[in-house]
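Colleague: Quick one, what's the 3D model for this:
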Amino acid sequence: MAEINIVIATHGNFGIELLNSAEMIIGKTDNVYNVSLEPGMSFENFTSIAQKLLDSLSGPILTLVDLFGGTPSNVMTFLSRKRSQKIIAGVNLPMFIDLYLKLSNNEVFDINKLTEGYLQIYRRSIMLTNKEGNDINI
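Modeller: Okay, here's the model as predicted:
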């Protein structure tokens, strides 16, 4: 896998469960880390935990957050001022799986190209299934 670290920063257990769900589909992941904002956790405490995680990583970091403007997004954006790190808000399962598979297949080595590709996947991952899935028979 390309040496790009993926950090998932979310509210509650969303990031942990997103990773668990992805691993059901694609198997064990490497270079993927999670930081969760737990109920009652202060901004300062979350910032400290996130800072320690980021300090432990070497190489480029792509951070995926759940909600633009939420504490995980704001903290990771603030911390990105001190390092080379890209942050994308709106993480979902199809995007994470596509991103991870591209990295594990060594399809992308440049974090800027990876980020642009990820945004394209994001745009295609949302659809009205009633319209798109009319040919599904069970």
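
Colleague: Which helix or strand in the protein has the lowest average pLDDT?
Modeller: helix 129-132 (a mean of 62; mean pLDDT, DSSP states H and E).

Colleague: quick one, helices of this structure?
Modeller: 14-26, 43-55, 71-79, 93-104, 111-124, 129-132 (DSSP state H).

Colleague: wait, which of those is closest to Ile87?
Modeller: Nearest to Ile87 among these is helix 71-79 (5.0 Å), distances taken as CB to CB. Every residue, glycine included, has its C-beta placed from N, CA and C.

Colleague: Quick one: list the elements packing against the closest one.
Modeller: Using 3 or more CB pairs under 8 Å, 6 or more residues apart in numbering; DSSP states H and E as the contact test, the elements touching helix 71-79 are strand 5-11, strand 32-37, helix 43-55, strand 61-65, strand 85-89.

Colleague: To Thr77, which of those lies closest?
Modeller: Distance to Thr77, taken as CB to CB, is lowest for strand 85-89 among those, at 5.6 Å.

Colleague: All set, thanks.
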